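Enquirer: build me a structure from this.
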Amino acid sequence: MKLRSHFIAALLLTVFIIGCEDQGDPVTPPTTPVSTEVKFSSDIQPLLTDKGCVGCHGANGGLSVASVATLLTGGNNGPAIVAGKADSSNIVLKLRATPPFGQRMPQGGPFLSADEIKKFEDWINAGAKNN
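Expert: Next up, the predicted model:
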């Protein structure tokens, strides 16, 4: 009987020790949210410059891509962007593989990647802010 009670005590002690083993910090500290907002000044304008859009559409050709205001005004084919509606925005339509009019931009390529076009879409769908 004494052996049995020692065995049970040892078993309970083992279970207790295992249960008390450090499991790490159970509370995850809050993290600072990462901003995924696409901004004109840091995301869109550099693409317009780096891809050569400003060279052809700086002020000639009926369209200027120099600012949000000129994109909203547009050119010969209407506004380049429709705030909140990327699928109705000429700039997005012209960046895609089969534009509804004229050639795909930038003319002759290299064309923007799907991720780069998505930046335009996200920015426009978020309201095409001048940020």
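Enquirer: C-alpha from now on. contacts and neighbour counts both.
Expert: Noted.
Enquirer: quick one: end-to-end length of stretch 49-62, please.
Expert: Start-to-end span of stretch 49-62 (CA to CA, to the nearest Å) is 18 Å.
Enquirer: next one: stretch 79-99
Expert: 15 Å.
Enquirer: ditto for stretch 94-111
Expert: 10 Å.
Enquirer: what's in contact with that stretch?
Expert: 51, 52, 53, 93, 112, 117 (CA atoms under 8 Å, 6 or more residues apart in numbering).
Enquirer: and these, which two are the farthest apart?
Expert: Across the contacts of stretch 94-111, no pair lies farther apart than 52 and 93, at 17.4 Å, counting by CA to CA.
Enquirer: coming back round to it: from the contacts of stretch 94-111, which land in helices?
Expert: 53, 93, 117 (DSSP state H).
Enquirer: and the first one, how far is that from residue 112?
Expert: What that stands for is residue 53. Distance from residue 53 to residue 112, by CA to CA: 11 Å.
Enquirer: with the second one instead?
Expert: Distance check for residue 93 against residue 112: by CA to CA, it reads 12 Å.
Enquirer: okay, the two: which has more neighbours?
Expert: residue 93 (20 against 16; other CA atoms under 10 Å).
Enquirer: my read: that one touches residue 87, true?
Expert: Yes - counting by CA atoms under 8 Å, residue 93 does reach residue 87; the two are 7.0 Å apart.
Enquirer: quick check, pLDDT for residue 22.
Expert: We have a pLDDT of 51 for residue 22.
Enquirer: now swap in residue 131 and tell me
Expert: pLDDT, residue 131: 96.
Enquirer: what's residue 96 sitting at in phi/psi?
Expert: phi -80, psi 170 (degrees, to the nearest 10).
Enquirer: no, scratch that, I was asking about residue 75
Expert: Dihedral angles (degrees, to the nearest 10) for residue 75: phi -140, psi -140.
Enquirer: looking at strand pairing, list the partners for it.
Expert: residue 78 (DSSP bridges).
Enquirer: surely it meets residue 62?
Expert: Yes - using CA under 8 Å, residue 75 is in contact with residue 62, at 4.6 Å.
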